[in-house]
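Undergrad: Have a look; sequence and predicted model below, questions after that.
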Amino acid sequence: MDRQKLPFDPRKFDFGGSFVHRSLFQKMAVYYSTEKIIEITTQYGGNASNTGNTEVQVALLTYRIECLSAHLRQFKKDHSTRRSLLSMVAQRKGLLSYYAKKDIYKYRALIEKLGLRK
């Protein structure tokens, strides 16, 4: 099957005759960088390859939730991001409830370290 050529350059978008270059869209937030993931995993999991640990997963979700919350403060009508934020909060809540059942003392230490409860 032959691919059809698009009538426009996909890296540029046509808005009323004026082109907007993709560099305009590069201002979007980058939530995870490799350095940030390594920093969080070493802080909460011990070493950089321990990404499956519950503490690390909760910490990564917390960081991403904070980034999305800051994004939504600026763009109040971004409903798709709001929906993904709510799903991340639910995922973090499930991980935290599992961790509370597993070891309540480590759970309380993690909550205090992340600053989730007031």
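TA: Received the coordinates, thanks.
Undergrad: hey, let's count contacts and neighbours off CA atoms from now on
TA: OK.
Undergrad: Flag the shaky bits of the chain, pLDDT-wise.
TA: The model of the chain has pLDDT under 70 over residues 1-31, 118.
Undergrad: surely N50 meets Q43?
TA: No. Under the criterion of CA atoms under 8 Å, N50 is not in contact with Q43, lying 10.5 Å apart.
Undergrad: Just want the most central residue of the protein.
TA: Per CA atoms, centre = their mean, the C-alpha nearest to the average position across the chain is that of R64, at 3.1 Å.
Undergrad: Secondary structure element for that one, which one?
TA: helix 54-74 (DSSP states H and E).
Undergrad: now for that helix, which elements pack on it?
TA: Judged by 3 or more CA pairs under 8 Å, 6 or more residues apart in numbering; DSSP states H and E, helix 54-74 is in contact with helix 34-45, helix 79-102, helix 104-114.
Undergrad: could you redo those as CSV and give each row distance to V56?
TA: Shown next, in CSV, are those (distance: least, CA to CA, whole Å):
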stretch, distance to V56
helix 34-45, 5
helix 79-102, 11
helix 104-114, 10
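Undergrad: Need the winner for burial among these.
TA: Most buried of the helices and strands packed on helix 54-74, by mean neighbour count (mean count of other CA atoms under 10 Å): helix 34-45, with a mean of 16.
Undergrad: Name the residues that touch that helix?
TA: Around helix 34-45, the neighbours that count as contacts under CA atoms under 8 Å, 6 or more residues apart in numbering are N47, A48, S49, N50, T51, N53, E55, V56, A59, L60.
Undergrad: try 7 Å this time
TA: N47, A48, N50, T51, N53, E55, V56, A59, L60 (CA atoms under 7 Å, 6 or more residues apart in numbering).
Undergrad: part of a strand, is the first one?
TA: Right, N47. No. Judged by DSSP: H, G, I helix; E, B strand; the rest coil, N47 forms no part of a strand; its state is coil.
Undergrad: For it, give me its contacts.
TA: Going by CA under 7 Å, 6+ apart, N47 touches T41.
Undergrad: again, 10 Å this time
TA: I38, E39, I40, T41 (CA atoms under 10 Å, 6 or more residues apart in numbering).
Undergrad: ditto for the fifth one
TA: Going by CA under 10 Å, 6+ apart, N53 touches T41, Y44, G45, G46, A59.
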